[in-house]
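K.L.:
Need coordinates for the below:
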Amino acid sequence: MNDDQPPGLLSISSDVICLIHSLIIKQIVREMEFVEDIVIVGAGLTGLATALGLHRKGVKSIILESSPTLRTTGFAFTMWTNAWHALDALGVGDKVREHHVRTEQLVVLSATTGRTLAEMSMIGMQGKHGEFENRCVRREFLQETLANELPEGTIKYSSKIESIQEEGHLKILHLTDGSLIKTKVLIGCDGINSVVAKYLGLKKPSFSGRLAARGLAKYETNHGFKPVFIQISGEGIRFGIIPSSEKHMYWFFTWNPSQIGGEKVDESATTMREYIITKLTEAKAPKEIIEVVKQSEMSQVVSSPLNYRSPFSLINAKITKNNICVAGDALHPMTPDLGQGGCMALEDSVILARFLSEAIMVGGEEGSDGEYEKIQGDLEKFARNRRWRSVRLITTAYLIGFVLQSDNWLVNFLREKVLAGFIARTLLQIPDYDCGKL
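P.N.:
I've put the predicted structure just below:
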């Protein structure tokens, strides 16, 4: 110790350092406690579209995405008329159309005989809500298109929710990195295993007993296929193939793993591909279709279970409470037999953005009971709007999947003699729906 240093200076200096350190820590903690009007969980199709709808209405939101980048699974999906109405409402319909060919015809083939069971034109058909439209859209392209329309910083990557609390009118989100986010409104767009749906008490999705594999074939030049959506059904399988663009062909294959020969075929991409080719050969599928499968890139997840939420559980389920709600697969996971999972997600997004933006903008004084009640009232409107359509489509998809894929002799007979045309018409009638404008 320096003889010239006044007594107690060293201890005073230590106390000051400790105080400064404490203040810095408190400041860091305060900066980690973000307060937002609307937090959306999940930067998938539903989350991105909902955030964009709110942005178009002048309402700010943030998206919490657990992954470090945008995640895309499944390669592509069929987008029917109702989805195009939603994309047009969001202002990105034409941007997506430019890169994807329009489907002109639906053809259903028998996996038992190879013969054509139904053919329907998709061009020039008029429904109650305008002309029919179908295109196969690459998921990655659509998600990037939606994300690029959002203000910079809207998506918070590597942000995973650990738990949810409520404090008065606010929701407190505890993230795995230790930070907190407070929000007035919490929207769960976090998919089939939704943390938000679990918090609301929605019943866990059930396994349909079927699995699905998907693939995408990429060509350096025009693949030469006509814009026709071909489906092959029966004998325990269901297969579909459709052009996405002049250089992309998308296909899907569903099967029952409990049937003879269907066990453990998804242990590798090689065994999965061989199984699909065998089944398509047995089904007398055209050789050019089998060639597409042979050269396709298959999903990194070789197969995925087809799950759905019981439609009966949704009849009285709490889709929203205390300014928390769910949308997309977090609300209505369904089997893919109508091709409506992504389409319904886009419907949800536009309708939710419309109701919620109105509530936020005219809800009353900031933080007041009136604002809280206005938001909750409009979320209840959203729940009423989506509940019965969700129940209908989940049920219809499950039943159609059962009929199309069944290897039961009676169901086979009814499908090939009576039901094929009815099912094809149903595939065209379900999308005749308009979610409206923002």
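K.L.:
Could you tell me how many residues sit around residue 279?
P.N.:
Neighbours of residue 279 under the rule other CB atoms under 10 Å: 21. Yep, even glycine has a C-beta here, placed from its N, CA and C like the rest.
K.L.:
what's the nearest residue to it if we skip its chain neighbours?
P.N.:
residue 237 (5.2 Å; CB to CB, 6 or more residues apart in numbering).
K.L.:
pretty sure the one you found contacts residue 261?
P.N.:
No - if you go by CB atoms under 8 Å, residue 237 and residue 261 don't touch, sitting 10.6 Å apart.
K.L.:
got the buried residues for whichever strand or helix holds residue 378?
P.N.:
Per DSSP states H and E: residue 378 is located in helix 369-405. Across helix 369-405, burial judged by 16 or more other CB atoms under 10 Å covers 371-372, 374-376, 378-379, 381-383, 385-387, 389-391, 393-398, 400-405.
K.L.:
by how many degrees do the longest strand along the chain and helix 369-405 diverge?
P.N.:
Longest strand in the chain, counting residues (DSSP state E): strand 206-218. For strand 206-218 against helix 369-405, the angle by axes from the mean of the first three to the mean of the last three CA atoms, to 10 degrees is 80 degrees.
K.L.:
So for strand 206-218, what gets flagged as buried?
P.N.:
For strand 206-218, the buried set under the neighbour-count rule, 16+ other CB under 10 Å, comprises 208, 210, 211, 212, 213, 214, 215, 216, 217.
K.L.:
now swap in stretch 245-261 and tell me
P.N.:
For stretch 245-261, by 16+ other CB under 10 Å, it's 245, 248, 249, 250, 251, 252, 253, 254, 255, 256.
K.L.:
got the CA coordinates for stretch 270-277 in CSV?
P.N.:
Below are the C-alpha coordinates for stretch 270-277, written out as CSV (Å, rounded to 0.1, in the frame of the first residue of the first chain):
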residue,chain,number,x,y,z
THR,A,270,-31.9,-45.7,-51.1
THR,A,271,-34.3,-48.2,-49.6
MET,A,272,-37.1,-45.6,-49.7
ARG,A,273,-36.6,-44.8,-53.4
GLU,A,274,-36.4,-48.6,-54.3
TYR,A,275,-39.7,-49.2,-52.4
ILE,A,276,-41.4,-46.3,-54.2
ILE,A,277,-40.2,-47.5,-57.6
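K.L.:
and the longest strand of the chain, how far out from the chain's middle?
P.N.:
15 Å (CA atoms, centre = their mean, to the nearest Å).
K.L.:
what do you get for stretch 36-43?
P.N.:
Taking mean C-alpha positions (CA atoms, centre = their mean), stretch 36-43 and its chain are 16 Å apart.
K.L.:
can you check stretch 62-69 too?
P.N.:
Here the centre of mass of C-alpha atoms in stretch 62-69, compared against the chain's by CA atoms, centre = their mean, lies 15 Å away.
K.L.:
Stretch 111-119 too?
P.N.:
31 Å.
K.L.:
Please report how far residue 239 lies from residue 180.
P.N.:
Distance from residue 239 to residue 180, counting by CB to CB, to the nearest Å: 48 Å.
K.L.:
ugh, wrong one, I meant residue 172
P.N.:
6 Å.
K.L.:
Settle it for me: which of the two has more neighbours?
P.N.:
Taking other CB under 10 Å, residue 172 and residue 180 do not tie; residue 172 has more neighbours (17 against 14).
K.L.:
mind checking the SS state of the more buried one?
P.N.:
Following DSSP: H, G, I helix; E, B strand; the rest coil, the label given to residue 172 is strand.
K.L.:
Which of the three states applies to the residue nearest to it when sequence neighbours are not counted?
P.N.:
Excluding the flanking residues, the one nearest residue 172 by CB to CB, 6+ apart is residue 165, at 4.3 Å. Following three-state DSSP, the label given to residue 165 is strand.
K.L.:
got the contact list for residue 165?
P.N.:
Shown in contact with residue 165 (CB atoms under 8 Å, 6 or more residues apart in numbering): 171, 172, 174.
K.L.:
one step back: tell me the one of the buried residues of strand 206-218 nearest residue 410?
P.N.:
residue 210 (19.4 Å; CB to CB).
K.L.:
Wait, residue 76 touches residue 143, no?
P.N.:
No - with contact defined as CB under 8 Å, residue 76 does not count as touching residue 143 (11.4 Å).
K.L.:
pLDDT below threshold where in the protein?
P.N.:
Under the criterion pLDDT under 70, the flagged ranges of the chain are 1-34, 73-74, 260, 300-301, 363-365, 367.
K.L.:
and if we set it to 80?
P.N.:
For the chain, the stretches with pLDDT under 80 are 1-35, 72-74, 258-264, 299-302, 362-368, 420-421.
K.L.:
Start from the N-terminal end of it and give the helices.
P.N.:
Taking DSSP state H to define them, one finds helices in the chain at 9-32, 45-56, 81-90, 93-97, 139-148, 195-200, 269-282, 287-294, 311-315, 341-362, 369-405, 409-414, 420-429.
K.L.:
and the last one, C-alpha only, in CSV?
P.N.:
It refers to helix 420-429. Taking C-alpha atoms only, helix 420-429 is exported to CSV below (Å, rounded to 0.1, in the frame of the first residue of the first chain):
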residue,chain,number,x,y,z
ALA,A,420,-63.2,-41.4,-57.8
GLY,A,421,-65.1,-38.7,-59.7
PHE,A,422,-66.7,-37.5,-56.4
ILE,A,423,-63.3,-37.2,-54.7
ALA,A,424,-61.9,-35.3,-57.7
ARG,A,425,-64.7,-32.8,-57.6
THR,A,426,-64.2,-32.4,-53.9
LEU,A,427,-60.6,-31.5,-54.5
LEU,A,428,-61.8,-28.7,-56.7
GLN,A,429,-64.7,-27.5,-54.5
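K.L.:
angle of that helix against helix 81-90?
P.N.:
10 degrees.
K.L.:
How about helix 420-429, which residues are buried there?
P.N.:
Buried residues in helix 420-429 (16+ other CB under 10 Å): 420, 423, 424, 427, 428.
K.L.:
Including distance to residue 362, could the residues you listed go into TSV?
P.N.:
Shown next, in TSV, are the buried residues of helix 420-429 (distance: CB to CB, whole Å):
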residue	distance to residue 362
420	50
423	45
424	45
427	40
428	39
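K.L.:
between those, which is nearest residue 45?
P.N.:
The closest of the buried residues of helix 420-429, once distances to residue 45 are taken by CB to CB, is residue 427, at 20.5 Å.
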